[in-house]
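Student: got a sequence here, can you model it:
(2 chains)
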Amino acid sequence: MQAGPMDEPPSILWGLDPIFSAFARLYIKDILQMTESVQVPGIYFYNNHPIYKVDVLGTVVYKRERDDFFCYGVDDGTGVINCLCWKSELFKDKDDGAGAAPGPSDPTVFDPVAELKKLKQAQQKRCRLEIGELIRVRGPVKTSRQQREITASVFYKVEDPLMAEQIQWMMDVPELYRECYDKTFQLQSDKQGESADSPLIKATNLIKDFIKQKSVSKFRTYDVLDLLEPLISRQPQAASADPEAAGPSGCQQVRQLLKEVLKVLQDEGVVYRRVKTQDEVYHVTERDKDLFIVVKDIIREDSKREKYSEKGCHVLHILSAVRQRHSFNVSKAALEIVLKSLVCNSDIVSSSDKHYTAF
Amino acid sequence: MTMLPPTAVFYFPWEVKSLGEGKSVRTFGRLSCYEADESRASLSCHHASKEHKVFVHTLFVEPFNPIIGAQYLVLGETESYEGFGVMIRARVLNCVDGVNIALLQKAIEGQRSFFRERERKDGGVAQPADKI
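Tutor: Alright, predicted model coming up:
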């Protein structure tokens, strides 16, 4: 049963799956059986996870050598796969003449020729394997001539005389499957490519963006009501044709949504109502110059007083002073936004976690 | 096209004799005797208060340095031999003396239980086989 294009997650979202960027430690059996993507050949799927590079540890059971590469058949006990291992430049250089290990050299003198020779020999030791030896291979999976193979980006012989590495690998892999590979790749996307945020979060972000972009310092509800209309019209209209339906009308929904958004914004301190009258005016905290001046003055004056000169003014003291002088409706959250901004501008200094003082 | 040998699945030494001919296996045991002229070695393993022996045909892996009493890992195909029952024709014979046999056994059992769990979950749905 091949996974059709409908079953594959869209390729634009593959980067969201962390397994896609990792060398997946799958069993060779699974690597051989992964389905190839219909959207992008060369990418494969295991349990809906897009995979393109893997990491295997196994015994060499087949070997073929050419001038440029080795082809090792690797068996991990669940499957056998070909690994194409290109020889590095260092490896390919023929030994000049002797071929024997360089003679004992004076340890105080650095002889680059001798060291390079030692490096070449070490490289050859790690890369030339015989049947029966343990190899580690990491690299992308390719299907070439209808056979799956791994093109090694890294390969080396693993010295494992006590089988400790193999045993550890055998114990790690089922855990990896349970924790990562066998968990489904959860994707939330609808046709329009929007995130699955609730309408309230979307609405709050809309208003915040509007305030920022238009440098709004204060507004009334009707100024922002139409911003939220697109959100409501996108909701599925259930029984919209039925005039006797008791559901709220579009207009009422928008008003209700705005009410909730304004509550959130006030709770966060982003906006506040300086004066609570019939006329609903909302002041944007960060743009309220008067509020900033009042807070600065309070801190400056009170820091001179003996009572506060040492530790500074506690935030709650500042809050009660602001409420007396400026507006009773300033919330702690709004004050904290002001204080943070003043500290960033170096107008005041935070002497401790909740204390502020002027220079 | 590369002809790769078949996968050698891990089996315990006491399971080997009940396997048929032509199975690719890998197993382990202590080298109890080696007859160089016959190219025959025997690996033994103690399990459930019984001594289990696995016979190995060593022609393809000779010459090797036989250390009597050391643990070995063998990888190869099962064949039946007159008088010996099942013998493994070794493609790989590695000395792994010092291996933690109990841990190895646990790892093999862990891997098997993972595959059994998986079989059960899939409910026997055939996987698409791209291997040729």
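Student: mean confidence for whichever strand or helix holds residue A:293?
Tutor: Assigned by DSSP states H and E, residue A:293 belongs to helix A:289-304. Averaging pLDDT along helix A:289-304 gives 90.
Student: from the chain's centroid, how far away is it?
Tutor: 41 Å (C-alpha atoms, centre = their mean, to the nearest Å).
Student: one more: stretch B:40-51?
Tutor: 13 Å.
Student: what is the helix holding residue A:293 packed up against?
Tutor: Under the contact definition 3 or more C-beta pairs under 8 Å, 6 or more residues apart in numbering or on different chains; DSSP states H and E, helix A:289-304 sits against strand A:313-314, helix A:315-325, helix A:332-344, strand A:355-358. In short, each C-beta sits where N, CA and C put it, glycine included.
Student: one more time with 6 Å, if that's ok
Tutor: Secondary-structure packing of helix A:289-304 (3 or more C-beta pairs under 6 Å, 6 or more residues apart in numbering or on different chains; DSSP states H and E): helix A:315-325, strand A:355-358.
Student: near chain A at all, the helix ranked longest in chain B?
Tutor: Longest among the helix segments of chain B by residue count, using DSSP state H, is helix B:101-122. Yes: remark: helix B:101-122 sits within contact range of chain A at B:103, B:104, B:107, B:110, B:111, B:114, by C-beta under 6 Å from any C-beta of the partner chain.
Student: and the top helix by length along chain A, C-alpha only, in CSV?
Tutor: If you go by DSSP H, chain A has its longest helix at helix A:250-268. Below are the C-alpha coordinates for helix A:250-268, written out as CSV (Å, rounded to 0.1, in the frame of the first residue of the first chain):
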residue,chain,number,x,y,z
GLY,A,250,-21.7,38.9,13.0
CYS,A,251,-21.8,42.3,14.5
GLN,A,252,-22.3,41.0,18.0
GLN,A,253,-19.5,38.5,17.6
VAL,A,254,-17.1,41.2,16.6
ARG,A,255,-18.1,43.4,19.6
GLN,A,256,-17.7,40.4,21.9
LEU,A,257,-14.3,39.6,20.5
LEU,A,258,-13.1,43.2,20.9
LYS,A,259,-14.3,43.2,24.5
GLU,A,260,-12.3,40.1,25.2
VAL,A,261,-9.2,41.5,23.4
LEU,A,262,-9.4,44.8,25.3
LYS,A,263,-9.6,42.9,28.6
VAL,A,264,-6.5,40.9,27.7
LEU,A,265,-4.6,44.1,26.7
GLN,A,266,-5.6,45.8,29.9
ASP,A,267,-4.5,42.8,32.0
GLU,A,268,-1.1,42.8,30.2
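Student: what residues does it touch?
Tutor: The contact list for helix A:250-268, computed with C-beta atoms under 6 Å, 6 or more residues apart in numbering or on different chains, reads A:200, A:203, A:204, A:207, A:225, A:228, A:229, A:232, A:271, A:333.
Student: under the pLDDT cut-off, which ranges of the stretch 201-350 of chain A? List them.
Tutor: For the stretch 201-350 of chain A, applying pLDDT under 70 flags the ranges A:233-247.
Student: can you tell me the helix or strand for residue B:42?
Tutor: Element membership for residue B:42 (DSSP H and E) is strand B:40-47.
Student: adjacent strands (with direction) for that strand?
Tutor: strand B:24-35 (antiparallel), strand B:50-57 (antiparallel) (DSSP bridges).
Student: tilt between it and helix B:101-122?
Tutor: With axes from the mean of the first three to the mean of the last three C-alpha atoms, to 10 degrees applied, the angle from strand B:40-47 to helix B:101-122 works out at 80 degrees.
Student: can I get the CA coordinates of stretch A:113-126 in PDB?
Tutor: C-alpha atoms of stretch A:113-126 as PDB (Å, rounded to 0.1, in the frame of the first residue of the first chain):
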ATOM      1  CA  VAL A 113      56.600  14.900   6.000                       C
ATOM      2  CA  ALA A 114      56.800  12.200   8.700                       C
ATOM      3  CA  GLU A 115      53.700  13.500  10.400                       C
ATOM      4  CA  LEU A 116      51.700  13.600   7.100                       C
ATOM      5  CA  LYS A 117      52.800  10.000   6.400                       C
ATOM      6  CA  LYS A 118      51.500   9.000   9.900                       C
ATOM      7  CA  LEU A 119      48.300  10.800   9.200                       C
ATOM      8  CA  LYS A 120      47.800   9.000   5.900                       C
ATOM      9  CA  GLN A 121      48.400   5.600   7.600                       C
ATOM     10  CA  ALA A 122      45.900   6.400  10.300                       C
ATOM     11  CA  GLN A 123      43.400   7.400   7.700                       C
ATOM     12  CA  GLN A 124      43.900   4.200   5.800                       C
ATOM     13  CA  LYS A 125      43.600   2.200   8.900                       C
ATOM     14  CA  ARG A 126      40.200   3.800   9.700                       C
END
